[in-house]
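**Student:** my questions are about this predicted structure, shown below with the sequence.
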Amino acid sequence: MPRFGHPDCAPSAEDRHGPKPHASPSTNESFPREVRAIATHRHTPRDCVELPLRPGLILTLLQPQGPHWYIARNSDDVFGWVPSAYVRILGDAGPKAEPNGVYEVWKKACNEAFAAEGTLTTFPELPRGVKTCRERSCVLRKGTKYGTSVGDLDVCIHDLEKLLKGSGCYGVKWLKAERVKWHPDQFARRCADGFKDEGVAKATEMFALLGGLVDKESRRED
Ligand SMILES: [Zn+2]
């Protein structure tokens, strides 16, 4: 059952975020769709209509209330006011997702590949189940081989993004660290002689796709 505010608090006169405007749906437009946000600071409620926050907490913002507050819902289905300065709005998919099994299995294969020294003979291909993007330009490109690398992996940036969000660590810093591991020069050293061309071509594509995700996520986090 949704509740409003949190139950165990004492009202306080102190209010560093400024007064809360009178809540009125007619003067405060709702968001046109659900807006997800992440708490960036700890917030201790000063009255019973505010929600407690801790950094990393994911919220759904329902309605702005003047310049300093939102009405939000937390994952326990509790509604309340949160200071707008203490939350950051996330993009559609958000940077965090729960770790999932598909990612974990693939990551294990990657780590084994990264540990190889001149012995690698297979590439840790992306799991078939994530190759689902049906955007026209992606479908045309996937599976189309030109040059030595593009299309070899049969995945697009959206497929890779979906897989990596299963890590639970998705973000610019993490993506940059992941990209380094696919650097073609580094990857070449892991490959057995007969596998070098294929391995390096595929690693080059992974490196480029990760670069694209770094750019995309950088724009989102700005
Ligand atoms: Zn795509």
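**Tutor:** Ah, there it is.
**Student:** centre of the chain versus the longest strand along the chain, how much separation?
**Tutor:** Ordering each strand of the chain by length in residues (DSSP state E) puts strand 58-65 first. When distances are taken as C-alpha atoms, centre = their mean, to the nearest Å, strand 58-65 is centred 19 Å away from the chain's centroid.
**Student:** for that strand, the averaged confidence score.
**Tutor:** Average pLDDT, strand 58-65: 86.
**Student:** could you do stretch 170-188 as well?
**Tutor:** In this model, stretch 170-188 has a mean pLDDT of 96.
**Student:** tell me the domain boundaries of the chain?
**Tutor:** Using automatic domain parsing, the domains assigned to the chain come out as 3-89, 101-221.
**Student:** what separates residue 187 from the ion, distance-wise?
**Tutor:** 23 Å (C-beta to the ion, to the nearest Å). For glycine as for every other residue, the C-beta is placed from the backbone atoms N, C-alpha and C.
**Student:** mind listing the strands for this protein?
**Tutor:** Ranges of strands in the chain, per DSSP E, are 3-4, 35-39, 58-65, 69-73, 78-83, 87-89.
**Student:** the fourth one pairs with which strands?
**Tutor:** Pointing back at strand 69-73 there. Using DSSP bridges, the strands paired with strand 69-73 are strand 58-65 (antiparallel), strand 78-83 (antiparallel).
**Student:** and among those, the most buried is which?
**Tutor:** strand 78-83 (a mean of 22; mean count of other C-beta atoms under 10 Å).
**Student:** do you know the pLDDT at residue 118?
**Tutor:** pLDDT at residue 118 comes out at 96.
**Student:** could you do residue 78 as well?
**Tutor:** 88.
**Student:** from residue 38, how far off is it?
**Tutor:** 17 Å (C-beta to C-beta, to the nearest Å).
**Student:** run through the chain and note the low-pLDDT ranges.
**Tutor:** Within the chain, the ranges that satisfy pLDDT under 70 run 1-16, 19, 22-34, 91-100, 143-151.
**Student:** near the ion, which residues of it?
**Tutor:** Contact residues, the chain versus the ion (C-beta under 5 Å from the ion): 133, 135, 138, 156, 158.
**Student:** can you get me a residue count around the residue lying closest to the second one once chain neighbours are set aside?
**Tutor:** Closest residue to residue 135 apart from its sequence neighbours, by C-beta to C-beta, 6 or more residues apart in numbering: residue 158 at 6.8 Å. Burial measure for residue 158: 18 neighbouring residues, criterion other C-beta atoms under 10 Å.
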